[in-house]
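S.K.: Here's my sequence, what's the structure:
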Amino acid sequence: MSSSRFLSTSHQTLLCDSPRPAVARIVLNRPDKMNAYNHVMTEDLLAALAAYRDDDALRALVITGAGTRAFCTGGDISGSNPEQGQKVRSQPMGHGREMREGMQAVVLALRNLDKPSIAMIRGYAVAGGLALAMGCDFRYAARSAKLGDTSGKVGLLADEGGAWLFPRAMGLDKALRMTLLSEVYDAARAEALGLVTEVVDDDALEDATLAFAEALAGRAPLAVRLTKMMMARSAGLSLEESVADAQMAVMIANPSADVREGLKAFFEKRPPKFEGR
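M.R.: Numbering: from 1, shown residues only. Alright, predicted model coming up:
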C-alpha cells in the first residue's frame, strides 16, 4: 500500500484506493448521474492523476465507475448544477476554455502518463466517457457493457479527444459512422471494432482487471515507463527516429539495478523483485 497523497487526499466526486500491491484505483463516484463528469470531477481527476503519476510506489492504475449502470456517460447535461462552469462559459471563448481545462486536460494527462492505466467498464461508456476510457492504455469491459458516441444526439461534438482517439482505434470510416449516427455497441462488437482490449463475464470483471493491473505492476518499472514513452511517441516518428529514441532509452534501462536483478533472478530460477531503479 502507498502512503502518498493519492490515498490520503479526499475528493468530492472520486474514491481512491489501492486494492492490490502497487495498484491504484480511481472510482468515478456520481452513480446517481451515471458517473457523468462535471467541473468538480475533472478537477478531482486531474489531482488524482497527478498524485498517481508522482508516486513511484504505485505502478498501475485502474479507472472505473461506481455502480453497475455506467462507467461514465460523458459531460453532465442534466442542468442539476447550472452554476458549474457558468462563469467560464460566460467569458469570450469560454466554452473552449471550459473544455481545455476540463475533460480534454484529463484525457491528455492520461495519455501523457508514463505508467499504465486500465479502464474497467461496466454499463455505459459513451460520449466523453468513451473518450476517457480510450485515454487509458487498456480497456477491460463487462460482457453487458455498452460503448459508443452519443454526443451527436443533442448536437454536441466528440470534443474531449474522441476525434483523435476514435479513428486511431477503429479506423476513420467506422469512427465517423459511430459518431455521426450516435451508435452504441455491445462489448463484443466494441472489441471487434478495436474499442475494447478484453471482454470479461460481468461477475469476473473486477478480478480479471485487478489481476491484469497487478501483473503490470510487477514488471520492471523503468522498462514499463520507457516502453510506454517510446510507443506513445512512435506514432509521430519515422522508424529511424524511433530507433534513435530506443538508443537513448537503453542507456537508462540497461545499466539499471532492475536489469541486474532480472538477469540474476533468471539464472537463479526465481521471480525478480524490481524496485524501479
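
S.K.: from here on, contacts and neighbour counts on C-alpha atoms
M.R.: Fine.

S.K.: For Lys87, report the pLDDT, please.
M.R.: pLDDT, Lys87: 56.

S.K.: what's the neighbour count on Thr9?
M.R.: Applying other CA atoms under 10 Å, we find 13 residues neighbouring Thr9.

S.K.: Need the phi and psi values for it.
M.R.: Note on Thr9: its backbone torsions stand at phi -90, psi 130 [degrees, to the nearest 10].

S.K.: mind checking how far it is from Val40?
M.R.: Using CA to CA, to the nearest Å, one obtains 15 Å as the distance from Thr9 to Val40.

S.K.: Low-confidence stretches in the protein?
M.R.: 1-3, 79-94 (pLDDT under 70).

S.K.: wait, doesn't Ser151 sit right on Ala125?
M.R.: No: contact criterion CA atoms under 8 Å: Ser151 and Ala125 do not qualify, at 11.9 Å.

S.K.: and those two? which has more neighbours close in?
M.R.: Neighbours were counted for Ser151 and for Ala125 using other CA under 10 Å; Ala125 has more, 33 against 22.

S.K.: does that one sit in a helix, a strand or a coil?
M.R.: strand (DSSP: H, G, I helix; E, B strand; the rest coil).

S.K.: Just to check, it is in contact with Gly75?
M.R.: No: judged on CA under 8 Å, Ala125 makes no contact with Gly75 at a distance of 11.5 Å.

S.K.: Glu183 is in contact with Thr150, isn't it?
M.R.: Yes: look at Glu183 against Thr150 with CA under 8 Å: they come within range, at 6.7 Å.

S.K.: between those two, who's got more neighbours?
M.R.: Between Glu183 and Thr150, Thr150 has the larger neighbour count (other CA under 10 Å), namely 25 against 17.

S.K.: need the contact list for the spatially closest residue to that one that is not a sequence neighbour.
M.R.: In this structure, Thr150 finds its nearest non-sequential neighbour in Ser182, 4.4 Å apart by CA to CA, 6 or more residues apart in numbering. By CA atoms under 8 Å, 6 or more residues apart in numbering, the contact set of Ser182 is 148-153.

S.K.: let's see it at 7 Å
M.R.: Ser182 is in contact with 149-153, counting by CA atoms under 7 Å, 6 or more residues apart in numbering.

S.K.: Among these, which pair sits farthest apart?
M.R.: Asp149 and Lys153 (9.0 Å; CA to CA).

S.K.: more crowded one of those two?
M.R.: Neighbours were counted for Asp149 and for Lys153 using other CA under 10 Å; Asp149 has more, 30 against 13.

S.K.: Now do the strands in the stretch 151-277 of the chain.
M.R.: Listed in chain order, the strands found in the stretch 151-277 of the chain under DSSP state E, counting those that start in this stretch are 184-186, 198-200.

S.K.: From Lys264, how far out is Pro271?
M.R.: Distance of Pro271 to Lys264, computed by CA to CA: 10 Å.

S.K.: do the same with Thr9
M.R.: If you go by CA to CA, the gap between Thr9 and Lys264 works out to 39 Å.

S.K.: go on, Val154?
M.R.: For Val154 relative to Lys264 (CA to CA), the value is 59 Å.

S.K.: ok, the two, which is more surrounded?
M.R.: A count of neighbours by other CA under 10 Å puts Lys264 above the other of Val154 and Lys264, at 14 against 9.
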